[in-house]
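Undergrad: Give me a 3D structure for the following:
(2 chains)
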2 protein chains.
Amino acid sequence: MPLANFSKKQIRKKKGVIGLIRVTTFNDDHLLNLHGKIIEEKFPELKVITKCIENQPKGIYSFESEKEAIPKIISTAKILKTKGVQAIIVSCANDPGVKTLKKMMKMPIIGAGSACASLAFMLGERIGVLGITDFPPSPMVKILGEKLIAYEKPRNVNTAFDLAKNEQAIFEAAERLISQDVDVLALGCTGFSTFNMANKLEERFNVKIIDPVVAAGAYAHYVILMNN
Amino acid sequence: MPLANFSKKQIRKKKGVIGLIRVTTFNDDHLLNLHGKIIEEKFPELKVITKCIENQPKGIYSFESEKEAIPKIISTAKILKTKGVQAIIVSCANDPGVKTLKKMMKMPIIGAGSACASLAFMLGERIGVLGITDFPPSPMVKILGEKLIAYEKPRNVNTAFDLAKNEQAIFEAAERLISQDVDVLALGCTGFSTFNMANKLEERFNVKIIDPVVAAGAYAHYVILMNN
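TA: Residues are numbered from 1 along each chain as shown, chains lettered A, B, ... in the order given. Just a heads-up that it's a prediction; the model follows:
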């Protein structure tokens, strides 16, 4: 048995508890918890408690919808805090509410957009972003700086809910990015994570793909590793 | 037995192999392998193979010493590549040779300086850097941007080797940074990692400390997680 690789201490180590905010209202528990499950699968040391904002079934897809969501994200974070989470992930590539939450709360607040961009910055030199809005998410633009070479959004996609039925358009948009010699493709919407687009793109194209939900999980994992 | 938390697949998972370049010449194997051991301890999924550059016992502490080191770092990376490593860490906060290696090699090249700054950027808003040179390491300045609030170097410290005997001066320099309301202190020299300064500072001051060797390990861990 190769069990000797793991010390008793590691096996018994308590899991770190992370709060995750979905910026779309879900009634279905499976869909609600999906991003949390992705993180728990990649980082078995983490347990993720998910809550979504209320009365926003279409999520965030414009300036107005983001403005409407931010106060709800802040109140959701306050609820998660009472549950004893050690860090909070805002699962949206635009990092809505992240700046305010960082000022309000002592615990680490991880925006999926800045997490995705930070990892892309570390691993690539010519970075493309694939998103759902007309312009790339602003925290990603800020972090990527001159490494941001190109941005694309798939045809017919205007909200995260349009992604599932437009897989071909996503592949075409990715191809337009990759033809510009990008070495890392950062996904600029956590809607892509919902149906594992990073893996599908990586299988088709020979380029590193950064998934924003997994990226946020990676930073949460670091935070827990340092605290526990 | 709480073994059920780990699936057989996890227990049997092969370790990821990381190459690590020390930019100081060591004859002592314990000292040589110390940064690798720090990473293996934090990230048990990683095995680290360390090699140091030759004929540079004082390491990198100036423009000239960096210029001398870069071709040696590149040839050391080539040797590590032949050993089948999946990513290479350059264990110096100035990221010497990292840009060239990224162009030369297909595998991920992780500079300890940019790793440290990227993590600090994610976790802080007002960031202080503690280093050993007159100015902060340039990759850290570039990544931190306007979040870089202050920089200090301890009195009487000019190379990484001066750190061990100047602990009091390090505490004083850290205090000068923290008095400027920094919320994250990023260590701008991997020499601090050698004697666990991050923990000592965290115990004394109520501020998050980012260790450049651990930060590099965190990115290497992500790379391995995605590849294996």
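
Undergrad: low-scoring stretches of chain A, by residue?
TA: Within chain A, the ranges that satisfy pLDDT under 70 run A:1-13.

Undergrad: so where's the longest helix in it?
TA: Using DSSP state H, we find that the single longest helix of chain A is helix A:63-82.

Undergrad: Sketch out the strands for chain A, chain order is fine.
TA: Counting by DSSP state E, one finds strands in chain A at the ranges A:16-22, A:46-52, A:87-91, A:109-111, A:127-130, A:148-152, A:184-187, A:208-210.

Undergrad: Can you tell me which helices and strands the third one packs against?
TA: Just to be clear, that refers to strand A:87-91. strand A:16-22, helix A:63-82, helix A:98-104, strand A:109-111, helix A:112-123, helix A:212-227 (3 or more C-beta pairs under 8 Å, 6 or more residues apart in numbering or on different chains; DSSP states H and E). C-betas here are computed from N, CA, C, even on glycine.

Undergrad: what residues are up against the residue lying closest to A:Val141 once chain neighbours are set aside?
TA: Sequence neighbours aside, A:Leu148 is the residue nearest to A:Val141 in space, at 6.2 Å (criterion: C-beta to C-beta, 6 or more residues apart in numbering or on different chains). Counting by C-beta atoms under 8 Å, 6 or more residues apart in numbering or on different chains, A:Leu148 makes contact with A:127-129, A:136, A:140-141.

Undergrad: let's see 10 Å
TA: A:117, A:120-121, A:126-129, A:136, A:140-142, A:182, A:186 (C-beta atoms under 10 Å, 6 or more residues apart in numbering or on different chains).

Undergrad: since we're on A:Asn55, how many residues are nearby?
TA: A:Asn55 has 8 neighbouring residues, counting by other C-beta atoms under 10 Å in any protein chain shown.

Undergrad: so what's it up against?
TA: A:25, A:68-69, A:72 are the contacts of A:Asn55 under C-beta under 10 Å, 6+ apart.

Undergrad: The same query, at a cut-off of 7 Å, please.
TA: Contacts of A:Asn55 were listed using C-beta atoms under 7 Å, 6 or more residues apart in numbering or on different chains, and they are A:Thr25.

Undergrad: Roughly how far does it sit from A:Phe161?
TA: For A:Asn55, the distance to A:Phe161 (C-beta to C-beta, to the nearest Å) stands at 16 Å.

Undergrad: now A:Ser62
TA: Computed as C-beta to C-beta, the A:Ser62 to A:Phe161 distance reads 13 Å.

Undergrad: Neighbour count for the two, which is higher?
TA: When neighbours are counted by other C-beta under 10 Å, A:Ser62 and A:Phe161 differ, and A:Phe161 comes out ahead with 16 against 13.

Undergrad: quick one: the more buried one and A:Tyr61, what's the gap?
TA: For A:Phe161 relative to A:Tyr61 (C-beta to C-beta), the value is 9 Å.

Undergrad: quick one: A:Ala69 and A:Lys58 touch, right?
TA: No. Using C-beta atoms under 7 Å, A:Ala69 is not in contact with A:Lys58, being 10.4 Å away.

Undergrad: between those two, which one's more packed in?
TA: The neighbour comparison of A:Ala69 against A:Lys58 (other C-beta under 10 Å) goes to A:Ala69, with 24 against 13.

Undergrad: List the residues that contact the more buried one.
TA: Counting by C-beta under 7 Å, 6+ apart, A:Ala69 makes contact with A:23, A:53, A:56, A:60, A:96.

Undergrad: let's see 10 Å
TA: A:Ala69 sits next to A:21, A:23-24, A:53, A:55-56, A:59-60, A:76, A:90, A:92, A:94, A:96-97 when contact means C-beta under 10 Å, 6+ apart.

Undergrad: Next, count neighbours for A:Cys52.
TA: A:Cys52: 22 neighbours (other C-beta under 10 Å).

Undergrad: swap in A:Phe26?
TA: 16.

Undergrad: next one: A:Leu46
TA: With other C-beta under 10 Å as criterion, A:Leu46 counts 23.

Undergrad: Please look at it and A:Ile110 and confirm they touch.
TA: No. Checked against C-beta atoms under 10 Å, the pair A:Leu46 and A:Ile110 is beyond contact range at 11.8 Å.

Undergrad: shared neighbours of these two, which are they?
TA: Common contact partners of A:Leu46 and A:Ile110 (C-beta under 10 Å, 6+ apart): A:18, A:20, A:87, A:217, A:220, A:223.

Undergrad: Surely the first one and A:Val90 touch.
TA: No. In terms of C-beta under 10 Å, A:Ile18 does not count as a neighbour of A:Val90; the distance is 11.6 Å.

Undergrad: just to revisit the earlier point, any common contacting residues for A:Ala69 and A:Lys58?
TA: In contact with both A:Ala69 and A:Lys58: A:Thr24, using C-beta under 10 Å, 6+ apart.

Undergrad: Scan the contacts of A:Leu148 and report the most crowded one.
TA: A:Ala186 (36 neighbours).
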